[in-house]
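Peer 1: any chance you could fold what I've pasted below:
(one chain, ligands or ions: 1)
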Amino acid sequence: MTEKTAIQDQIQGNHCFGCGPDNDQGLRIKSYWVEPDKSRCVFTPSPFHNAGPAQYLNGGIIATVIDCHTVCSAIADGYLQAGREAGSGDKIWFATGKLDIKYLAPAAIDKPVILEATIVGRGPKKTILHCELSSDGRVCAKAEVVAVRVPDQW
Ligand SMILES: CC(C)(COP(=O)(O)OP(=O)(O)OC[C@H]1O[C@@H](n2cnc3c(N)ncnc32)[C@H](O)[C@@H]1OP(=O)(O)O)[C@@H](O)C(=O)NCCC(=O)NCCSC(=O)Cc1ccccc1
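Peer 2: The predicted model follows:
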(Lines give C-alpha, C1' and ligand atoms only; values in the text may rest on other atoms or scores of the structure.)
Protein backbone atom coordinates (compact mmCIF):
# COMPACT_ATOMS: atom_id res chain seq x y z
CA MET A 1 0.00 0.00 0.00
CA THR A 2 3.04 2.30 0.16
CA GLU A 3 2.83 4.70 -2.77
CA LYS A 4 5.40 7.04 -4.23
CA THR A 5 2.88 9.64 -5.35
CA ALA A 6 1.60 11.85 -2.55
CA ILE A 7 -2.11 11.62 -1.79
CA GLN A 8 -2.42 15.36 -2.47
CA ASP A 9 -0.97 14.93 -5.95
CA GLN A 10 -3.67 12.36 -6.80
CA ILE A 11 -6.58 14.64 -5.84
CA GLN A 12 -7.72 17.19 -8.42
CA GLY A 13 -8.69 20.82 -7.82
CA ASN A 14 -7.46 21.29 -4.26
CA HIS A 15 -6.84 24.97 -3.37
CA CYS A 16 -6.55 24.35 0.40
CA PHE A 17 -4.06 26.53 2.29
CA GLY A 18 -2.60 23.52 4.09
CA CYS A 19 -2.55 20.83 1.43
CA GLY A 20 -3.62 22.19 -1.94
CA PRO A 21 -1.13 21.83 -4.78
CA ASP A 22 -3.22 24.59 -6.44
CA ASN A 23 -2.42 27.12 -3.68
CA ASP A 24 0.97 28.68 -4.30
CA GLN A 25 0.87 30.57 -0.95
CA GLY A 26 0.04 27.45 1.05
CA LEU A 27 1.94 24.87 3.11
CA ARG A 28 1.55 22.19 0.42
CA ILE A 29 1.95 19.24 2.77
CA LYS A 30 2.41 15.78 1.26
CA SER A 31 0.96 12.59 2.75
CA TYR A 32 1.71 8.97 1.90
CA TRP A 33 0.20 5.63 2.88
CA VAL A 34 2.72 3.63 4.88
CA GLU A 35 0.46 0.73 5.89
CA PRO A 36 -3.18 -0.10 5.32
CA ASP A 37 -5.16 2.59 7.19
CA LYS A 38 -1.99 4.45 8.19
CA SER A 39 -0.51 7.52 6.51
CA ARG A 40 2.52 9.69 7.16
CA CYS A 41 3.53 13.25 6.43
CA VAL A 42 6.75 15.12 7.15
CA PHE A 43 6.38 18.89 7.30
CA THR A 44 9.37 21.22 7.61
CA PRO A 45 8.29 24.52 9.17
CA SER A 46 9.53 27.87 7.92
CA PRO A 47 10.91 30.32 10.50
CA PHE A 48 7.78 32.52 10.15
CA HIS A 49 5.51 29.63 11.22
CA ASN A 50 6.51 30.32 14.80
CA ALA A 51 4.46 30.84 17.95
CA GLY A 52 4.99 33.81 20.32
CA PRO A 53 8.36 32.39 21.36
CA ALA A 54 10.36 32.27 18.13
CA GLN A 55 11.71 28.77 18.79
CA TYR A 56 8.33 27.00 18.74
CA LEU A 57 5.87 26.08 16.00
CA ASN A 58 2.56 27.95 15.99
CA GLY A 59 -0.46 26.02 17.29
CA GLY A 60 -2.66 27.00 14.37
CA ILE A 61 -0.11 25.65 11.92
CA ILE A 62 -0.05 22.42 13.95
CA ALA A 63 -3.86 22.27 13.68
CA THR A 64 -3.71 22.97 9.95
CA VAL A 65 -1.22 20.22 9.14
CA ILE A 66 -3.11 17.69 11.30
CA ASP A 67 -6.41 18.72 9.67
CA CYS A 68 -5.03 18.49 6.15
CA HIS A 69 -3.08 15.27 6.65
CA THR A 70 -6.09 13.48 8.12
CA VAL A 71 -8.78 14.82 5.77
CA CYS A 72 -6.67 14.09 2.70
CA SER A 73 -6.16 10.56 4.06
CA ALA A 74 -9.95 10.24 4.46
CA ILE A 75 -10.46 11.40 0.86
CA ALA A 76 -7.88 8.93 -0.47
CA ASP A 77 -9.45 6.19 1.66
CA GLY A 78 -12.85 7.08 0.18
CA TYR A 79 -11.50 6.20 -3.28
CA LEU A 80 -9.94 2.98 -1.94
CA GLN A 81 -13.20 1.93 -0.30
CA ALA A 82 -15.02 2.63 -3.57
CA GLY A 83 -12.50 0.44 -5.40
CA ARG A 84 -11.31 3.38 -7.47
CA GLU A 85 -7.94 4.91 -8.14
CA ALA A 86 -7.51 8.13 -6.13
CA GLY A 87 -8.69 11.11 -8.18
CA SER A 88 -10.48 9.02 -10.81
CA GLY A 89 -14.09 9.53 -11.89
CA ASP A 90 -16.54 11.54 -9.81
CA LYS A 91 -14.78 13.52 -7.12
CA ILE A 92 -14.82 12.12 -3.57
CA TRP A 93 -14.60 14.97 -1.09
CA PHE A 94 -14.56 15.13 2.71
CA ALA A 95 -14.56 18.15 5.04
CA THR A 96 -13.44 18.51 8.62
CA GLY A 97 -16.42 18.01 10.94
CA LYS A 98 -14.43 17.80 14.15
CA LEU A 99 -10.80 18.47 15.02
CA ASP A 100 -9.97 17.76 18.65
CA ILE A 101 -6.32 18.40 19.52
CA LYS A 102 -4.35 17.94 22.70
CA TYR A 103 -1.16 19.98 22.62
CA LEU A 104 1.22 17.93 24.77
CA ALA A 105 4.62 19.57 24.22
CA PRO A 106 6.04 22.40 22.13
CA ALA A 107 7.37 21.52 18.68
CA ALA A 108 10.64 23.09 17.58
CA ILE A 109 10.44 25.55 14.69
CA ASP A 110 13.77 24.37 13.26
CA LYS A 111 12.98 20.65 13.05
CA PRO A 112 10.63 18.69 10.80
CA VAL A 113 7.41 17.48 12.33
CA ILE A 114 6.20 13.96 11.59
CA LEU A 115 2.49 13.23 11.40
CA GLU A 116 1.05 9.74 11.56
CA ALA A 117 -2.66 9.27 11.00
CA THR A 118 -4.61 6.08 11.56
CA ILE A 119 -8.13 5.39 10.36
CA VAL A 120 -10.00 4.07 13.38
CA GLY A 121 -13.57 4.09 12.09
CA ARG A 122 -15.69 4.39 8.98
CA GLY A 123 -19.36 5.13 8.53
CA PRO A 124 -21.38 5.70 5.39
CA LYS A 125 -20.80 9.46 5.68
CA LYS A 126 -17.81 9.85 7.95
CA THR A 127 -14.29 8.63 8.65
CA ILE A 128 -12.69 8.87 12.08
CA LEU A 129 -8.93 9.24 12.35
CA HIS A 130 -6.37 9.54 15.10
CA CYS A 131 -3.25 11.54 14.45
CA GLU A 132 0.01 12.06 16.32
CA LEU A 133 2.42 14.87 15.57
CA SER A 134 6.02 14.36 16.73
CA SER A 135 9.09 16.54 16.72
CA ASP A 136 12.60 15.51 17.67
CA GLY A 137 11.39 12.08 18.83
CA ARG A 138 8.69 13.45 21.13
CA VAL A 139 4.91 13.36 20.65
CA CYS A 140 3.84 17.03 20.71
CA ALA A 141 0.16 16.71 19.78
CA LYS A 142 -2.55 14.08 19.55
CA ALA A 143 -5.80 14.58 17.70
CA GLU A 144 -9.10 12.96 16.91
CA VAL A 145 -10.64 14.02 13.62
CA VAL A 146 -14.05 13.34 12.13
CA ALA A 147 -13.96 13.79 8.35
CA VAL A 148 -17.46 14.03 6.85
CA ARG A 149 -18.32 13.15 3.26
CA VAL A 150 -19.60 16.17 1.37
CA PRO A 151 -20.97 16.50 -2.17
CA ASP A 152 -18.37 16.64 -4.91
CA GLN A 153 -19.30 20.26 -5.72
CA TRP A 154 -18.61 21.32 -2.11
C1 LIG B 1 -20.36 18.57 6.29
C2 LIG B 1 -20.54 18.93 7.77
C3 LIG B 1 -19.20 18.77 8.50
C4 LIG B 1 -21.50 17.94 8.40
O5 LIG B 1 -22.73 18.11 7.76
P6 LIG B 1 -24.02 17.46 8.39
O7 LIG B 1 -25.13 17.70 7.43
O8 LIG B 1 -24.16 17.88 9.81
O9 LIG B 1 -23.60 15.94 8.36
P10 LIG B 1 -24.54 14.74 8.60
O11 LIG B 1 -25.65 15.09 9.54
O12 LIG B 1 -24.91 14.16 7.26
O13 LIG B 1 -23.58 13.76 9.39
C14 LIG B 1 -22.82 12.73 8.79
C15 LIG B 1 -22.08 12.03 9.89
O16 LIG B 1 -21.03 12.88 10.37
C17 LIG B 1 -21.19 13.11 11.76
N18 LIG B 1 -20.82 14.49 12.06
C19 LIG B 1 -21.19 15.58 11.38
N20 LIG B 1 -20.64 16.68 11.93
C21 LIG B 1 -19.93 16.25 13.00
C22 LIG B 1 -19.15 16.91 13.96
N23 LIG B 1 -19.02 18.23 13.97
N24 LIG B 1 -18.54 16.17 14.90
C25 LIG B 1 -18.67 14.83 14.91
N26 LIG B 1 -19.41 14.14 14.01
C27 LIG B 1 -20.04 14.85 13.07
C28 LIG B 1 -22.66 12.87 12.06
O29 LIG B 1 -22.87 12.52 13.41
C30 LIG B 1 -22.96 11.74 11.10
O31 LIG B 1 -22.51 10.53 11.67
P32 LIG B 1 -23.39 9.18 11.52
O33 LIG B 1 -23.42 8.90 10.04
O34 LIG B 1 -24.75 9.53 12.07
O35 LIG B 1 -22.66 8.16 12.34
C36 LIG B 1 -21.13 20.35 7.91
O37 LIG B 1 -21.39 20.62 9.26
C38 LIG B 1 -20.18 21.40 7.36
O39 LIG B 1 -20.16 21.66 6.16
N40 LIG B 1 -19.36 21.98 8.26
C41 LIG B 1 -18.28 22.88 7.82
C42 LIG B 1 -17.05 22.05 7.44
C43 LIG B 1 -15.86 22.93 7.18
O44 LIG B 1 -15.98 24.05 6.73
N45 LIG B 1 -14.64 22.37 7.49
C46 LIG B 1 -13.42 23.11 7.28
C47 LIG B 1 -13.00 23.13 5.82
S48 LIG B 1 -12.56 21.49 5.27
C49 LIG B 1 -10.86 21.45 5.45
O50 LIG B 1 -10.26 22.43 5.78
C51 LIG B 1 -10.17 20.14 5.19
C52 LIG B 1 -9.98 19.84 3.76
C53 LIG B 1 -8.72 19.89 3.18
C54 LIG B 1 -8.54 19.60 1.84
C55 LIG B 1 -9.60 19.22 1.05
C56 LIG B 1 -10.87 19.16 1.62
C57 LIG B 1 -11.05 19.46 2.97
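Peer 1: so the strand or helix carrying Glu144, near the ligand or not?
Peer 2: If you go by DSSP states H and E, Glu144 is part of strand 138-150. Yes - Strand 138-150 lies within reach of the ligand by Cβ under 6 Å from any ligand atom, at 146, 148, 150. All C-beta atoms are positioned from the backbone trio N, CA, C, and that covers glycine.
Peer 1: so which of those is surrounded by the most neighbours?
Peer 2: Val146 (20 neighbours; other Cβ atoms under 10 Å).
Peer 1: looking at strand pairing, list the partners for it.
Peer 2: For Val146, the beta-bridge partners are Lys98, Ile128 (DSSP bridges).
Peer 1: flag every buried residue along the strand holding Glu144.
Peer 2: Buried residues in strand 138-150, counted by 16 or more other Cβ atoms under 10 Å: 140-141, 143, 145-149.
Peer 1: what does the protein put close to the ligand?
Peer 2: 14, 16, 19, 67-68, 71-72, 95-98, 123-126, 146, 148, 150.
Peer 1: which among those end up buried?
Peer 2: 14, 16, 19, 67-68, 71-72, 96-97, 146, 148.
Peer 1: most widely separated two among these?
Peer 2: Asn14 and Val146 (19.7 Å; Cβ to Cβ).
Peer 1: report the separation between the two terminal residues of stretch 101-109.
Peer 2: End-to-end distance of stretch 101-109: 19 Å, with Cα to Cα, to the nearest Å as the criterion.
Peer 1: what's the burial count for Asp100?
Peer 2: Asp100 has 9 neighbours, counted by other Cβ under 10 Å.
Peer 1: contacting residues for it?
Peer 2: 143-145 (Cβ atoms under 8 Å, 6 or more residues apart in numbering).
Peer 1: give me the element it is part of.
Peer 2: strand 93-103.
Peer 1: name the residues that touch the helix or strand following that strand?
Peer 2: Toward the C-terminal end, the helix or strand that comes next after strand 93-103 (DSSP H and E) is strand 113-122. The list of residues contacting strand 113-122 from outside it, by Cβ under 8 Å, 6+ apart, reads 31, 34, 37-45, 57, 62, 65-66, 69-70, 73-74, 77, 81, 107, 127-135, 140, 145.
Peer 1: give the ChimeraX command for selecting the buried subset of those residues.
Peer 2: Buried members of the contacts of strand 113-122, defined by 16+ other Cβ under 10 Å, are picked up in ChimeraX with:
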select :31,37,39,40,41,43,45,57,62,65,66,69,70,73,74,77,107,127,128,129,131,132,133,134,135,140,145
